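Enquirer: test case, fold it:
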Amino acid sequence: ELKMSGNDFGELVLVLGDYHIPHRASSVPEKFQRMLVPNKMQHILCTGNLVTKEQYDELRGLAPNVHVVRGGFDDDTTFPDHKIVQIGQFKIGLIHGHQIVPWGDAHSLAMVQRQLDVDILITGHTHRNEVNEYEGKWFINPGSITGAYSTLTTDVVPSFILLAIQGSKVVTYVYELHGDQVDVSKSEFSKA
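Expert: Numbering: from 1, shown residues only. Coordinates of the predicted model:
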């Protein structure tokens, strides 16, 4: 379970995506499922490719504010292509990422970040988690929560990201599942 109470950590934001259930993965790893409990997080930002309505309903059971953008495999065409969400002092852009060419490219991501005029850009699609600072902005990719294979690689580490937003500071926690072991790495970013 995530040992955090909302007050100490400001706003808690769960960032995840690229489930690809049922086509490329059968479920979210049990270790992750146990950590993701209701009433801990205020927001969920999902990079898409949930594929089924069940996954979406599950997310809605976890947090009051759920934002989803559409991936290339989503049945639900009502999800938008991109979304901008204000959380605390941060303007956060959310886009699946298949629109960014080459995929995951820093310059192309920075272009989208400027177009959306956001402090943090969250993308998925590559199934590789990343937390990068580039030209004073932050770029986050939660990877695939199920470890679903991608067109780039079959060797995908299941991962998700938790953001704790306090005032002008964000702390990111990247959770990765290696075998039976959940590893967490932490980094911080402050608004200029």
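
Enquirer: following the chain onward from the lowest-mean-pLDDT helix or strand in the chain, which element is next?
Expert: When the helices and strands of the chain are scored by mean pLDDT, DSSP states H and E, helix 6-9 comes last with a mean of 54. Using DSSP states H and E, the helix or strand that follows helix 6-9 towards the C-terminus is strand 11-16.

Enquirer: quick check: next helix or strand after that following strand?
Expert: helix 30-35.

Enquirer: pull up the pairing partners for the following helix or strand past that next one, direction included.
Expert: Next helix or strand after helix 30-35 toward the C-terminus (DSSP H and E): strand 43-46. Strand pairing for strand 43-46, using DSSP bridges, gives strand 11-16 (parallel), strand 65-68 (parallel).

Enquirer: which residues does the longest one contact?
Expert: Contacts made with strand 11-16 from outside it, assessed by C-beta atoms under 8 Å, 6 or more residues apart in numbering, are listed as 4, 6, 36, 40-47, 62-63, 87-88, 122, 140, 142, 145, 160-166. (Glycine included, C-beta is placed from N, CA and C.)

Enquirer: could you report the distance from the closest residue to Asp18 other than its chain neighbours to Gln166?
Expert: The shortest distance from Asp18 to any non-neighbouring residue, by C-beta to C-beta, 6 or more residues apart in numbering, is to Ser144 (3.8 Å). The gap separating Ser144 from Gln166 is 28 Å, by C-beta to C-beta, to the nearest Å.

Enquirer: the two: which is more packed in?
Expert: Ser144 (29 against 13; other C-beta atoms under 10 Å).

Enquirer: so the more buried one sits against Gly17, correct?
Expert: Yes: with contact defined as C-beta atoms under 8 Å, Ser144 reaches Gly17; the gap is 7.1 Å.

Enquirer: now do the shared contacts for these two.
Expert: Gly124.

Enquirer: any low-confidence regions in this structure?
Expert: 1-9 (pLDDT under 70).

Enquirer: for it, which segments count as helices?
Expert: Per DSSP state H, the chain carries helices over the ranges 6-9, 30-35, 53-62, 106-116.

Enquirer: dump those helices to JSON lines, plus distance to His23 and mean neighbour count.
Expert: Compiled in JSON lines, the helices of the chain are given as follows (distance: least, C-beta to C-beta, whole Å; neighbours: other C-beta atoms under 10 Å):
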{"stretch": "helix 6-9", "distance to His23": "35", "mean neighbour count": "11"}
{"stretch": "helix 30-35", "distance to His23": "19", "mean neighbour count": "14"}
{"stretch": "helix 53-62", "distance to His23": "12", "mean neighbour count": "15"}
{"stretch": "helix 106-116", "distance to His23": "26", "mean neighbour count": "15"}
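
Enquirer: just put those helices in JSON lines and tack on distance to Val156.
Expert: Shown next, in JSON lines, are the helices of the chain (distance: least, C-beta to C-beta, whole Å):
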{"stretch": "helix 6-9", "distance to Val156": "28"}
{"stretch": "helix 30-35", "distance to Val156": "14"}
{"stretch": "helix 53-62", "distance to Val156": "17"}
{"stretch": "helix 106-116", "distance to Val156": "20"}
